[in-house]
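Chemist: need a 3D model of the sequence below.
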Amino acid sequence: MFKGLITLLNASIKDIDSPRYVVENSWYLKEQGIHHFFCVCGNHDSIGYRRVKNPYLDRVKFKKEEVDFRKIPNIYHPDNRCSKCGNERYLDINALLFDSKTRFWTEIEWGYEEKLNGNSWGMVAFMHIPRFKYEKNAIVIEKIELSEFTVGYDGEQNYVEKLDLFLTKQMVIDGKYYQIRKLLKKRLTEKIVALMILNPLDSFAWLDGEEQVLENLIFFLKNPKIRFKDILYWQDREMFLEIFNECQYLEESLEFIRNFRQEKSLKKVQLKSYKKMIALGGYSPIADYIFTRTIDDVNQLIKVLDMDVDIKMQLLNDYSHENINYFIDSFK
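Modeler: Numbers count the residues shown, from 1 in each chain. Okay, here's the model as predicted:
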């Protein structure tokens with residue numbers, strides 16, 4: 001019945017003969033006075049209160065006293081070893097999933113399943129666990145979903161948690177504590193980004209490298225016509241997104257910001273100022289947008305476009321029409 005459990009539990013066996021060998025996600029379940037051990041190697045051992053069912057389990061011992069999981073972050077049963085591969089690490093199903101008193105765990109793993117339906121990308125985190133089915137009077141392996149993350153082709157996101165009690169627990173990794181809820185969402189996000197990149201839409205298929213993070217992919221899904229990466233570093237871009245989607249490329253967008261003025265001197269000074277601001281972390285188009293629509297004289301306009309970028313940004317930090325107008329008037 002439990003043949004091939006290693007596949008179901010999404011684990012692999014490495015270097016079985018090594019004393020340091022540990023198998024993760026082996027399961028322990030106690031039902032009707034019987035202790036059941038389900039190893040990822042596919043083996044199922046069971047131990048009763050009075051006798052060991054399998055006479056060949058000479059190595060198997062089991063302490064009858066209860067372990068207080070509230071006091072120790074230990075999820076294993078070191079006094080039972082798998083009769084087939086020697087594994088001695090087992091997760092307590094009831095304590096892990098249903099006991100609110102048990103809060104800390106180490107080395108928990110889960111699997112992921114992708115969902116593609118033609119209008120969204122989806123990733124589901126799940127576990128395969130043994131559960132006792134009273135109607136069958138038998139233990140069966142069940143797949144339980146932990147959470148699901150979906151991103152639509154329109155950029156809308158939906159994150160659903162399906163096992164709240166489990167997600168409130170914490171994992172101990174290298175001596176540090178991480179809430180499973182946050183850890184799982186982080187890993188699901190990484191998985192769905194990888195899925196989106198593997199199955200891209202035209203709106204972001206042209207991206208590469210460090211730009212391929214969820215926030216950026218979402219931005220280009222919602223603005224499918226924009227085709228320049230610098231837009232990710234433009235401040236106050238929401239004010240002009242409708243126009244930028246029509247402009248599409250950087251040169252056209254900068255042309256809109258300078259009010260479509262074609263003087264070469266203006267193009268040159270605008271691009272120079274733009275590159276300085278990008279190098280400092282971000283371009284705010286508001287000042288150039290206002291200046292080019294307020295100042296007619298080319299020489300005066302060149303002066304304000306070419307001003308120190310720190311002064312330009314400081315001017316906009318306290319953005320108001322009065323301040324901008326006063327500043328412009330000072331150049332006339």
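Chemist: tell me the mean pLDDT over the host helix or strand of Ile278?
Modeler: Using DSSP states H and E, Ile278 sits within helix 264-279. For helix 264-279, the mean pLDDT works out to 93.
Chemist: cool, and stretch 175-183?
Modeler: Stretch 175-183 carries an average pLDDT of 89.
Chemist: show me which positions of it end up buried.
Modeler: 180-181 (16 or more other Cβ atoms under 10 Å). Where C-beta positions appear, they are placed from N, C-alpha and C, glycine not excepted.
Chemist: got the end-to-end distance for that stretch?
Modeler: Start and end residues of stretch 175-183 are separated by 15 Å (Cα to Cα, to the nearest Å).
Chemist: contact partners of that stretch?
Modeler: By Cβ atoms under 8 Å, 6 or more residues apart in numbering, the residues outside stretch 175-183 that reach it are 104-105, 108, 161, 166-171.
Chemist: before we move on, back to that, now the next helix or strand after the helix holding Ile278: how far from the chain's centre is it?
Modeler: Following helix 264-279 in sequence order, the next helix or strand is helix 286-294 (DSSP H and E). Once both centres are worked out by Cα atoms, centre = their mean, to the nearest Å, helix 286-294 turns out to sit 39 Å from its chain's centre.
Chemist: and helix 286-294 with helix 264-279, angle?
Modeler: If you take axes from the mean of the first three to the mean of the last three Cα atoms, to 10 degrees, helix 286-294 sits at 160 degrees to helix 264-279.
Chemist: let's test this: mean pLDDT of helix 286-294, rounded?
Modeler: pLDDT averaged over helix 286-294 gives 88.
Chemist: give me the helices and strands touching it, please.
Modeler: helix 250-257, helix 264-279, helix 298-305, helix 309-317, helix 321-329 (3 or more Cβ pairs under 8 Å, 6 or more residues apart in numbering; DSSP states H and E).
Chemist: switch these over to TSV; also include mean neighbour count and distance to Leu217.
Modeler: Shown next, in TSV, are those (neighbours: other Cβ atoms under 10 Å; distance: least, Cβ to Cβ, whole Å):
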stretch	mean neighbour count	distance to Leu217
helix 250-257	18	19
helix 264-279	16	21
helix 298-305	17	33
helix 309-317	15	28
helix 321-329	12	35
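Chemist: between those helices, which one is nearest to Thr189?
Modeler: helix 264-279 (27.2 Å; Cβ to Cβ).
Chemist: which other helices and strands contact the closest one?
Modeler: Looks like helix 264-279 contacts helix 250-257, helix 286-294, helix 298-305, helix 309-317 (3+ Cβ pairs under 8 Å, 6+ apart).
Chemist: any chance of those helices in TSV, with distance to Asn80 too?
Modeler: Shown next, in TSV, are the helices and strands packed on helix 264-279 (distance: least, Cβ to Cβ, whole Å):
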stretch	distance to Asn80
helix 250-257	64
helix 286-294	68
helix 298-305	75
helix 309-317	65
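Chemist: by mean pLDDT, show me the worst of the ones you listed.
Modeler: helix 309-317 (a mean of 71).
Chemist: ok, Ile243 touching Glu255?
Modeler: No: with contacts counted by Cβ atoms under 8 Å, Ile243 stays clear of Glu255, the gap being 10.7 Å.
Chemist: quick one: common contacting residues for those two?
Modeler: Contact with both Ile243 and Glu255 is made by no residue, according to Cβ under 8 Å, 6+ apart.
Chemist: domain ranges for this structure?
Modeler: Following automatic domain parsing, the chain resolves into domains at 1-108, 111-198, 225-329.
Chemist: include distance to Ile144 when you put the helices and strands packed on helix 286-294 into JSON lines, please.
Modeler: Shown next, in JSON lines, are these (distance: least, Cβ to Cβ, whole Å):
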{"stretch": "helix 250-257", "distance to Ile144": "48"}
{"stretch": "helix 264-279", "distance to Ile144": "48"}
{"stretch": "helix 298-305", "distance to Ile144": "61"}
{"stretch": "helix 309-317", "distance to Ile144": "51"}
{"stretch": "helix 321-329", "distance to Ile144": "58"}
